[in-house]
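Colleague: here you go, sequence then predicted model.
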Amino acid sequence: MFVSSALIGLNATMLNVALPDAVADLGASAFQGSWMLLAYMLFSGALLVLMGQISDRYDPRRVFLSGLLTFAAASLALVVAQDPWLFIVARAVQGAGGAMLLANSAAIVVLLFRGPGLGGAMGVYLAGFAVAQTAGPSIGGVATALGSWRWIFLLTLAVATVTLALAWGILRSLPTRSSSGSAGSGVDWLGNALIFASVAALLLGLSRAQDAGWVSLELVGPVLLSLVLLRLLLRVERRARHPALDLALLRSRSFTSANYAGGALIVPRLVTAILISLYLQGVLGDGPAEAALKITPLPAGVALGSILGGRLTRYDERLVALCYSVVVLAGVGAVLAWLLIDGPTVLLLLALAVVGLSTGAFATVNSTTILHEAPPERAGSVNAVRTLFQLLGTMLGTSLMLTLVAGGLSATQAEQFLAGRDERLTASTQSLLDQHFVLAFAVMALLVLSAIGASLLLVRSPRPAGKTAA
């Protein structure tokens, strides 16, 4: 389970720094370059609840092993991909495999470790993701500098293959669930299909804005379709026997506020690395290894902040989360200042460290708050909604920020920028990109402000019965 969580963590961040090289090598357009990132996010996020329900209904061991096999096959396809669309399809398949792993890993840990050993086992499992996510950008940058972006997927192929061989033997000791599943479980096929279609339509619309404009039919049409599907989803879930989304949870102001804040603050935590990597390579002309090194304070800060946040959960979790969200705003503001004044590298490093420390600590405290205040018998549904909010934040934040950065550029300019070809950009184009990055981080700051508002609302919300501040 440790290796599988590390595999997901690596795959989530390694391509961030290597994206310009992959775009250049495959001759991808700006639209295709965006979906080289978004395809994995869409399928790993929008299929997460479905894979969890399938696991509950049938057998988590089989779903987990199928996920590893799917992930390995997709990694092989990415290694040999010669076309951007083949790359995008393979990333989507890899995302589906990632959803199978992410939805089942924690459940298998619970089955393997009972009693006092469960806490330590979960700590090791979660540490695998944190450490790998921290090392991912550096590993991706170094691999690309030494060889090729394809080396990234050779690594994930090797790890997935070894993990599959190990898991095949270890998981044989788990009891096999009958094919009919448990009486209390079920799969909401229609609800999950509507979740996927709604998110996919929204992402498609946002990703078209950079080519077609913000008021074009290519953007407005998919966004309106997404809203219609969302409305239909809410009606379906009210009548579903085994709903993919527990709507009763969303009626709680404190629960919704905490999850909104978590989904909003995942954007500075994860999307900042993508934007700064593109800026360093596409505007300033850094190589992938140099860009990876400069970004390292952010994921390192996330790992350290996660540990620090865990130690502060003994205090009033709501108030601590609010304080950390304010620090996130200071970090994003520092990045914005670095862009505005063309500041020194040391300012960027400090700003990224602040963003990493504060978002890492906030995520730990906020997640603990959500799970701590939920009824124990609904912990599974609560965690599914919490994870979905964060994945939606990542997907929509990435799509929106990439659109803001590349919007207004010609197809050729956008392709050259995403490919890291700064020497081909004119001075006016580079100046325009500077303005776009400032706009993107200004919007990110507004998003953080909304999260602060949600955290403040959470502090003022009544606590569940039996729950008191420390």
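Modeller: Everything's here; your move.
Colleague: helices of the stretch 101-250 of the chain, residue ranges please.
Modeller: Counting by DSSP state H, counting those that start in this stretch, one finds helices in the stretch 101-250 of the chain at the ranges 117-146, 150-170, 189-212, 217-239, 247-250.
Colleague: could you list every helix and strand in contact with the helix or strand just after the shortest one?
Modeller: Following the chain from helix 247-250 toward its C-terminal end, the next helix or strand by DSSP states H and E is helix 253-282. Counting contacts by 3 or more Cβ pairs under 8 Å, 6 or more residues apart in numbering; DSSP states H and E, helix 253-282 packs against helix 2-26, helix 288-295, helix 297-311, helix 317-341, helix 345-372, helix 379-406, helix 411-418, helix 427-460. C-betas here are computed from N, CA, C, even on glycine.
Colleague: return the alpha-carbon coordinates of the second one using CSV.
Modeller: These are the backbone C-alpha positions of helix 288-295, laid out as CSV (Å, rounded to 0.1, in the frame of the first residue of the first chain):
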residue,chain,number,x,y,z
PRO,A,288,13.6,21.4,-16.5
ALA,A,289,16.2,20.5,-13.8
GLU,A,290,16.7,24.1,-12.8
ALA,A,291,13.0,24.7,-12.7
ALA,A,292,12.4,21.6,-10.6
LEU,A,293,15.1,22.7,-8.1
LYS,A,294,13.5,26.2,-7.7
ILE,A,295,10.0,24.6,-7.2
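Colleague: next one: that helix to chain centre, how far?
Modeller: Taking Cα atoms, centre = their mean, to the nearest Å, one finds helix 288-295 lying 20 Å from the centre of the chain it belongs to.
Colleague: out of the helices and strands packed on helix 253-282, flag the one nearest Val267.
Modeller: Val267 sits nearest to helix 379-406 of all the helices and strands packed on helix 253-282, at 3.5 Å, using Cβ to Cβ.
Colleague: buried residues in that closest one?
Modeller: Neighbour-count burial for helix 379-406, counted by 16 or more other Cβ atoms under 10 Å, picks out 381-406.
Colleague: so which of the helices of the stretch 101-250 of the chain is the most surrounded?
Modeller: A comparison of the helices of the stretch 101-250 of the chain by mean neighbour count, using mean count of other Cβ atoms under 10 Å, puts helix 189-212 on top with a mean of 21.
Colleague: show me what it is packed against.
Modeller: So helix 189-212, by 3+ Cβ pairs under 8 Å, 6+ apart, packs with helix 30-46, helix 48-57, helix 217-239, helix 379-406.
Colleague: so which of these is nearest Leu280?
Modeller: helix 379-406 (13.0 Å).
Colleague: report the angle between that closest one and helix 217-239.
Modeller: Angle, helix 379-406 to helix 217-239, by axes from the mean of the first three to the mean of the last three Cα atoms, to 10 degrees: 170 degrees.
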